[in-house]
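> Just a sequence and a predicted model for now, questions to come.
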Amino acid sequence: ASVEPISSRLIVYLGVDHHRPVFNHELDSMAGPESTMLSEPDGHVTMLSSELNVSYDLVSPPTGGFIVSVSALVCPAPFGVCTVTPVEVDIPFTFDDNGLHLTINPNTLQLDEGLWQFDFTAKDSLLRTTGAMRTVFLHDTQPPTVSLSLDATVNEREALNIYASLDDGYNGATYITTWAIEDESGDRRAPSADELVSEDHLLLNLTEQGVYTVQLSVRDRGGYFAQTSESFTVLNIRPTAQITIDGLVLNEMDQLSVDFEEGWELNASQSFDNENVDYLWVINDDRSVRGTSTLASDQLSEPGLHRIELIVFDDDGATHSTVVQLEILAPSSTDDQQAPLIALVFLV
């Protein structure tokens, strides 16, 4: 089993001179000026929706004065860095054996909503000052606004981009988003890993027609919750039946002739749709061949004029058909070739 590291800090006063009060978690002044620009190391922020009382451990020298003032350098810091020059403000406080207790009032301090960095210092009656102790406050009093942008209709197997617009009223806001997709039968699911491009972007490619609803639930860093949903329709494209022979496209009710002894093949593979289709060949309205994209000479060998109908249909039951006339010429015989000569003899 893993063991979590444990750390502690012990403050010891040596001698009787040059002592000052100390916060238990002061910024490291020896790390250089860069360290004073960083937010709290674990990214934690303290919520500030109304007046807040916070307490900090503060150690005073064994002998000397008592705490007479507390101030803070305050600046907006949406990304862990002050965006303007910090302003020094006085902070109401009390001090006892349990620590330093501060009152932070966002209205009194005129704080807009957002992330604010406070570097606190305390001073005792002998004008000895602590080092800086930093806290980042999130002033947030309302839920985020959420909206979705997407097309109202889309064809089956056609990409649909869904974008979410999130706004919490300040820079540096972060969110926890939860997407759900519901079909018209009420079945709900979460988007797959391939569909979730980012926390505010879905890319769907649906294969079944119907009305769908996409729902987005959002929780902001302050714990406030918002939800929105939009519906869209997935349309089925009707397939188109098309017959070819040796690469030649046949139009509706076209008629072609083939020799009895000639190998021929009607081909339906150029029928088109945005999804796979099934094939049904109907011959003279009395028999059919299903499940194949070709109708060959070995499946129809009787001489004469035949009505051939090709019907294609997709998984939604949409169909389309086209009809051609196929004439299979009877084989020639020796008697047929001699008939004109016999007629001529009788005529003579």
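On my side now, so go ahead.
> how near is the nearest residue to I104 once chain neighbours are set aside to E156?
In space, and not counting its chain neighbours, I104 is closest to L52: 4.8 Å by Cβ to Cβ, 6 or more residues apart in numbering. Using the backbone N, CA and C atoms, a C-beta is placed for each residue, glycine as well. Look at L52 and E156: by Cβ to Cβ, to the nearest Å, they are 54 Å apart.
> One more: N171?
Distance, N171 to E156, by Cβ to Cβ: 41 Å.
> hey, where'd the strands end up in the stretch 201-348 of the chain?
201-204, 210-220, 225-235, 243-245, 248-250, 255-259, 265-267, 278-283, 287-290, 294-296, 304-313, 319-329 (DSSP state E, counting those that start in this stretch).
> Okay, now the unreliable bits of the stretch 1-150 of the chain?
The stretch 1-150 of the chain contains residues with pLDDT under 70 at 1-8, 15-16, 28-43, 64-65.
> before we move on, what about the stretch 201-348 of the chain?
For the stretch 201-348 of the chain, the stretches with pLDDT under 70 are 333-348.
> again, 90 this time
Along the stretch 201-348 of the chain, the model assigns pLDDT under 90 to residues 207-209, 236-239, 246-247, 256-264, 270-277, 285-287, 291, 296-303, 313-318, 328-348.
> thinking again about what came up before, N171 and E156: which has the busier surroundings?
More neighbours surround E156 than the other of N171 and E156, with 20 against 12 (other Cβ atoms under 10 Å).
> contacting residues for that one?
Neighbour list for E156: 206-209, 234-237, 274-275, 316 [criterion: Cβ atoms under 8 Å, 6 or more residues apart in numbering].
> Now do the residue nearest in space to the middle of the chain against A190, distance only.
The structure's the chain has its C-alpha centroid closest to L202; by Cα atoms, centre = their mean the separation is 2.8 Å. For L202, the distance to A190 (Cβ to Cβ) stands at 11 Å.
> joint contacts of those two?
Joint contacts of L202 and A190 (Cβ under 8 Å, 6+ apart) are W179.
> For the residue nearest to I104, give me its contacts.
L52 sits next to 46, 103-105, 137 when contact means Cβ under 8 Å, 6+ apart.
> Going through the residues you listed, which ones are buried?
104, 137 (16 or more other Cβ atoms under 10 Å).
> Which one of the contacts of L52 is nearest to P61?
Closest approach to P61 among the contacts of L52 (Cβ to Cβ): T103, at 25.2 Å.
> The closest one reaches S50, doesn't it?
No: T103 is beyond contact range of S50, at 11.3 Å (criterion: Cβ atoms under 8 Å).
> in stretch 79-91, what's buried?
Residues 82, 86, 91 are the ones in stretch 79-91 that count as buried (16+ other Cβ under 10 Å).
> Using PDB, list the CA coordinates for that stretch.
The C-alpha trace of stretch 79-91 is given here as PDB (Å, rounded to 0.1, in the frame of the first residue of the first chain):
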ATOM      1  CA  PHE A  79      -4.700  32.700 -14.400                       C
ATOM      2  CA  GLY A  80      -2.500  32.800 -11.300                       C
ATOM      3  CA  VAL A  81      -0.900  36.100 -12.200                       C
ATOM      4  CA  CYS A  82      -2.000  39.600 -11.200                       C
ATOM      5  CA  THR A  83      -3.400  41.400 -14.200                       C
ATOM      6  CA  VAL A  84      -3.100  44.800 -12.600                       C
ATOM      7  CA  THR A  85      -0.900  46.300  -9.900                       C
ATOM      8  CA  PRO A  86      -2.000  45.000  -6.500                       C
ATOM      9  CA  VAL A  87      -3.800  47.500  -4.200                       C
ATOM     10  CA  GLU A  88      -3.300  47.500  -0.400                       C
ATOM     11  CA  VAL A  89      -6.400  47.300   1.700                       C
ATOM     12  CA  ASP A  90      -7.000  47.000   5.500                       C
ATOM     13  CA  ILE A  91      -8.600  43.800   6.700                       C
END
